[in-house]
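Trainee: everything below, folded, please.
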Amino acid sequence: MYDKIRENDTDIFDITRNLNMKAENIKKCKDHIFYRKYTLDLYGREETYYKRFDPDLKQAVLWKRMQAGTHTPKDITWLKHEYVKQSV
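Mentor: Below is the predicted model:
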């Protein structure tokens, strides 16, 4: 699902319309969740990896709900949380 989301070029517009939020904010969240690479560790191990986040089915389904306009209040809370995290 992550590959399909990454390839999609209309989801930001759809989510913007469905949530009445700025496209630039949705794009920042999509970049943060699906595209950017980060230095990640494995639960405190000293070895780190520079990579994208591992795919998460719940997040992919949530993203699709927002795109379809069937989102829940918790989905919006999650999106706002991710927006704040990527802004730090």
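
Trainee: against which helices or strands is the helix ranked longest in the chain packed?
Mentor: Taking DSSP state H as the criterion, the chain has its longest helix at helix 73-87. Where contact means 3 or more Cβ pairs under 8 Å, 6 or more residues apart in numbering; DSSP states H and E, helix 73-87 is packed against helix 23-30, helix 57-68. Glycine gets a C-beta too; all of them are placed from N, C-alpha and C.

Trainee: so where's this protein uncertain?
Mentor: 44-45, 87-88 (pLDDT under 70).

Trainee: next up, the contacts around L19.
Mentor: I26, M66, H71, I76, L79 (Cβ atoms under 8 Å, 6 or more residues apart in numbering).

Trainee: quick one: the second one from T39, how far?
Mentor: Same thing as M66. Taking Cβ to Cβ, to the nearest Å as the measure, M66 falls 28 Å from T39.

Trainee: so between the two, which is more surrounded?
Mentor: Between M66 and T39, counting by other Cβ atoms under 10 Å, M66 is the more crowded of the two (24 against 8).
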